[in-house]
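A.B. asks: missing the sequence, but the structure's below:
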């Protein structure tokens, strides 16, 4: 159903990549050294991609939906900036859609995030629940840097 919350999966990646570009944490010509199908984080968590790539340019991390590339980017951002990026696009807030008013928006409070949150949020939007109609509206706001305008 359009109003039932779900974890957005890989459609969430642009909501992290955009703010990372804006904050100059990465740049469009950066190449990420992925080294294949698996990546082990500094604290030992294993991140996997469906296809193994030796390296991918920033845009290809998005196009190929690389969990590894997004995890590497998220590690540089840190939880504070990841959380701020999510909130800047309205995740965890009511977005004003009448059809979605019944359902809660959920983003865990930053105080509940830990080192595992970094790689959970960035590739798949885990820890973020949103109805499809709200996610579609957020995607439409992407070119406007997350701002929302209502026609009068």
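C.D. replies: Here it is on my side, so go on. All of these numbers come straight from a predicted model, not from anything done at the bench. Residues are numbered from 1 along each chain as shown.
A.B. asks: when you work out contacts or count neighbours from here on, use the C-alpha atoms and nothing else.
C.D. replies: Noted.
A.B. asks: top helix in this protein by residue count?
C.D. replies: helix 67-88 (DSSP state H).
A.B. asks: neighbours of residue 74, how many?
C.D. replies: For residue 74, the neighbour count with other CA atoms under 10 Å is 24.
A.B. asks: mind checking pLDDT for it?
C.D. replies: As predicted, residue 74 sits at a pLDDT of 92.
A.B. asks: that one against residue 82, yeah?
C.D. replies: Yes. The pair residue 74 / residue 82 is scored as a contact, 7.0 Å apart, by CA atoms under 8 Å.
A.B. asks: residue 47: which element?
C.D. replies: For residue 47, the host element (DSSP states H and E) is strand 46-57.
A.B. asks: buried residues in that strand?
C.D. replies: Buried residues in strand 46-57, counted by 16 or more other CA atoms under 10 Å: 47, 49, 53, 56-57.
A.B. asks: now do that strand: which elements does it pack against?
C.D. replies: If you count contacts as 3 or more CA pairs under 8 Å, 6 or more residues apart in numbering; DSSP states H and E, strand 46-57 packs onto strand 31-40, helix 67-88.
A.B. asks: name the residues that touch it?
C.D. replies: By CA atoms under 8 Å, 6 or more residues apart in numbering, the residues outside strand 46-57 that reach it are 28-41, 66-69, 71, 119.
A.B. asks: make a PyMOL selection of the buried ones in those.
C.D. replies: Buried residues among these (16+ other CA under 10 Å), as a PyMOL selection:
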select buried, resi 31+32+34+37+38+39+41+66+67+68+69+71+119
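A.B. asks: what number of residues lie near residue 43?
C.D. replies: Residue 43 has 8 neighbours, counted by other CA under 10 Å.
A.B. asks: ramachandran angles for it?
C.D. replies: Per-residue torsions, residue 43: phi -100, psi 10 (degrees, to the nearest 10).
A.B. asks: same question, residue 25
C.D. replies: According to degrees, to the nearest 10, residue 25 has phi -80, psi -30.
A.B. asks: for residue 29, same thing?
C.D. replies: phi -100, psi 0.
A.B. asks: surely it meets residue 58?
C.D. replies: Yes. If you go by CA under 8 Å, residue 29 and residue 58 touch, sitting 6.5 Å apart.
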